[in-house]
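J.: Okay, predicted coordinates and the sequence, questions at the end:
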Amino acid sequence: MPRPIVLLIYNLLLPIVLAVGFPSFILKGIRRGGLARNFRQRFGFFSPELRDQLAGKKPVWIHAVSVGEIFLALKLIEAIQARSPDRTIVLSTTTTTGYAVASEKATDRLLVIHNPVDLPWIASKVARLIDPSVYVLIEAEVWPNLVGSLKKRGVPVILSNARLSPRSARRYAKFRPLVEPVFTRLDAVTIPFQADRERWNAIGIPDEKIHLLGSVKFDSTSAAGALEEKEKELREWLSETGFPGNARVLLGGSTHDSEELLLAETARELQEEYPDLQTVIIPRHAERGSAIAEQLREAGFTPILRVDPTGLSGGSNPVESSTQQGSVWIANTTGELRAWYQIADLVVIGKSFGGEGGQNPVEPILAGKPVIVGPNMQNFSDVVGDLLRVEGLVQAEGVAALSEHVRELLKNPDTGTAMAARGADAMARHEGAADRNAEIICNAACESRN
């Protein structure tokens, strides 16, 4: 389908989608906090100070949707700055939580903004104000009007770490006449897995634009900040709230609805055999903390929140030793997951039992922890396949199998250590992925300046 027709359809439908989704967006922003902070940036209104910081800089502009993509972007930024310390970088994000995490890293050389609404006049204005040397999209989100405005200005557009799940690939292929005119405007697509090449080919991206570089997400040679201080802070909080010093930690990472109760009940079942077992839960969406606590309380557990419902740090009061066996620690915060993995003894990956698609299983493996995933890991099918081939993690067939897998790893901790080591070896090919992506980005930025 001709690109002008696709853009016409998109621009006719977008205002309707925005109008329908706006109330939900506002409510979610209020729940998560920080909605009003620089909100006008979404409509292309930049402060005089920000305009001055951007003037004449021709920055690298990187866009990341939410918290997960922000951490990936920060790895890229670290690699770019190692190559070019004086280069200004703009990091845009869609969600309030992503903005909060990114803002913690802001400097004179790293400017954090809200991503503009993709209406033609707003996209054109923001493209002019930022005037980047290159525009980098993380993973798979492409905004047609913004990309079009930047291409008119001669700005190269790169889709970085472009993982495309089989499910997404099928959906894109189904609507290829609509998506191909948008995606073919990309100058380069960097992919983590060979299987991604065929999927991008299937929606019209030619082979010469695709670069197999490994996954930035799984690149352990680059880090988005030191973990030691955060780990120390988390251990202090556990101690202050009555967590037994000699306990083994069953940790649920990025959990979704129903998985928190599943983990708590699994631990309660196994505590007769392993009384040193305690449960820590990190929900995928921190704002669910109070609801999770209420659900666990109704089931007879004692929830301890890292942040209490009033938003104050420190969380719940400490528990007495007599109630520790029924206690569940809930880290209802954002940006601490990688540090929590350092503390865990055994990790269960969220959205794989109570949801569909799964969450990232590699970070805890790189932290040296044994990992159990559920049957629903569709969004990470390539990496899970690699790990299963080398017995680098355990995949449970369903909810009923979880307790047995946990029991086996508690009974034989050396088995879990060896499993994590095999998994880490399988992920070694991703090391240096951030730097390889940075090279392509910096080259494109330099070429566009000439």
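T.: Okay, I see it. Numbers count the residues shown, from 1 in each chain.
J.: Spit out the contact partners of residue 372.
T.: Each residue near residue 372 by Cβ atoms under 8 Å, 6 or more residues apart in numbering is listed here: 346-349, 393-396, 402, 405-406, 409. C-betas here are computed from N, CA, C, even on glycine.
J.: now these in TSV, with secondary structure, pLDDT and distance to residue 296?
T.: Below are the contacts of residue 372 laid out as TSV (DSSP: H, G, I helix; E, B strand; the rest coil; pLDDT from 0 to 100; distance: Cβ to Cβ, whole Å):
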residue	secondary structure	pLDDT	distance to residue 296
346	strand	97	19
347	strand	98	19
348	strand	98	16
349	strand	98	20
393	coil	96	27
394	strand	97	25
395	strand	97	26
396	coil	97	21
402	helix	97	17
405	helix	97	22
406	helix	98	18
409	helix	97	23
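J.: Serialize these to TSV and add fields for neighbour count and distance to residue 219.
T.: As requested, the contacts of residue 372 are exported to TSV (neighbours: other Cβ atoms under 10 Å; distance: Cβ to Cβ, whole Å):
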residue	neighbour count	distance to residue 219
346	20	24
347	28	19
348	29	24
349	29	19
393	27	19
394	21	24
395	19	24
396	19	28
402	22	30
405	19	28
406	24	29
409	22	27
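J.: now for the residues you listed, which pair is the farthest apart?
T.: 346 and 395 (14.6 Å; Cβ to Cβ).
J.: picking up where we left off before, of the contacts of residue 372, which is the nearest to residue 98?
T.: Of all those, residue 349 has the smallest distance to residue 98: 21.1 Å, by Cβ to Cβ.
J.: so what's that closest one up against?
T.: Residue 349 touches 253-254, 358-361, 364, 371-374, 377, counting by Cβ under 8 Å, 6+ apart.
J.: For it, give the beta-bridge partners.
T.: For residue 349, the beta-bridge partners are residue 253 (DSSP bridges).
J.: please renumber so the chain begins at 341
T.: Okay, using 341 as the starting number, the last item reads as residue 689.
J.: how far away is it from residue 748?
T.: According to Cβ to Cβ, to the nearest Å, residue 689 stands 17 Å off from residue 748.
J.: Same check on residue 500?
T.: Where residue 748 is concerned, residue 500 sits at a distance of 39 Å (Cβ to Cβ).
J.: So for those two, which residue has more residues nearby?
T.: When residue 500 and residue 748 are compared for neighbours, residue 500 comes out ahead with 27 against 14, by other Cβ atoms under 10 Å.
J.: all strands for the stretch 691-790 of the chain, in order.
T.: 711-713, 734-735 (DSSP state E, counting those that start in this stretch).
J.: For residue 481, which three-state class applies?
T.: Secondary structure state of residue 481, per DSSP: H, G, I helix; E, B strand; the rest coil, is coil.
J.: what's the spacing between it and residue 685?
T.: On the measure of Cβ to Cβ, residue 481 and residue 685 end up 36 Å apart.
J.: doesn't residue 679 make contact with residue 703?
T.: No. Using Cβ atoms under 8 Å, residue 703 makes no contact with residue 679, being 10.5 Å away.
J.: Give the helix, strand or coil label for residue 456.
T.: coil.
J.: And for residue 359, the neighbour number?
T.: Look at residue 359: counted by other Cβ under 10 Å, it has 9 neighbours.
J.: give the contact list for it.
T.: Counting by Cβ under 8 Å, 6+ apart, residue 359 has no contacts.
J.: For residue 711, name its beta-bridge partners.
T.: If you apply DSSP bridges, the partners that residue 711 bridges to are residue 687.
J.: That one: what's it in contact with?
T.: So residue 711 contacts 687-689, 701, 704-705, 733-734, 759-760, 763 (Cβ under 8 Å, 6+ apart).
J.: Retrieve the pLDDT associated with it.
T.: With respect to pLDDT, residue 711 has a value of 98.
J.: Against residue 604, how distant is it?
T.: From residue 711 to residue 604 the distance is 19 Å (Cβ to Cβ).
J.: related to what we said a few turns ago, out of the strands of the stretch 691-790 of the chain, which gets nearest to residue 476?
T.: strand 711-713 (29.8 Å).
J.: on that earlier part again, name the residue in residue 481 and residue 685 with the higher neighbour count.
T.: Shown here are residue 481 and residue 685; by other Cβ under 10 Å, residue 685 has more neighbours (18 against 14).
J.: close enough to count as contact, the more buried one and residue 614?
T.: No. Assessed by Cβ under 8 Å, residue 685 is found out of contact with residue 614, at 10.6 Å.
J.: So which bits of stretch 379-393 are buried?
T.: Under the neighbour-count criterion of 16 or more other Cβ atoms under 10 Å, stretch 379-393 has 381-382, 384, 386, 390, 393 buried.
J.: What ranges does the stretch 391-540 of the chain have for its helices?
T.: 407-423, 436-443, 460-470, 484-492, 506-514, 516-523, 534-541 (DSSP state H, counting those that start in this stretch).
J.: closest one to residue 725 among these?
T.: Closest among those, once you apply Cβ to Cβ, is helix 534-541, at 8.9 Å.
J.: Name the residues of that closest one that come out as buried.
T.: So helix 534-541, judged by 16+ other Cβ under 10 Å, has buried residues 535-537, 539-540.
J.: ok, those residues vs residue 622, which is closest?
T.: Looking across these and measuring by Cβ to Cβ, the closest to residue 622 is residue 536, at 28.0 Å.
J.: With adjacent residues omitted, what lies nearest to that closest one?
T.: Leaving aside its sequence neighbours, residue 536 sits nearest to residue 504 (Cβ to Cβ, 6 or more residues apart in numbering; 5.3 Å).
J.: residue contacts, the one you found?
T.: Here residue 504 is in contact with 480, 512, 531, 536, 539-540 (Cβ under 8 Å, 6+ apart).
J.: gap between it and residue 725?
T.: Counting by Cβ to Cβ - residue 504 and residue 725 are separated by 15 Å.
J.: Same check on residue 365?
T.: In terms of Cβ to Cβ, residue 365 sits 36 Å off from residue 725.
J.: which of these two has more neighbours?
T.: Neighbour count, other Cβ under 10 Å: between residue 365 and residue 725, residue 365 has more, with 15 against 12.
J.: In a strand, the more buried one, correct?
T.: No. Counting by three-state DSSP, residue 365 is located in no strand; its state is helix.
J.: Tell me the spacing between it and residue 454.
T.: On the measure of Cβ to Cβ, residue 365 and residue 454 end up 12 Å apart.
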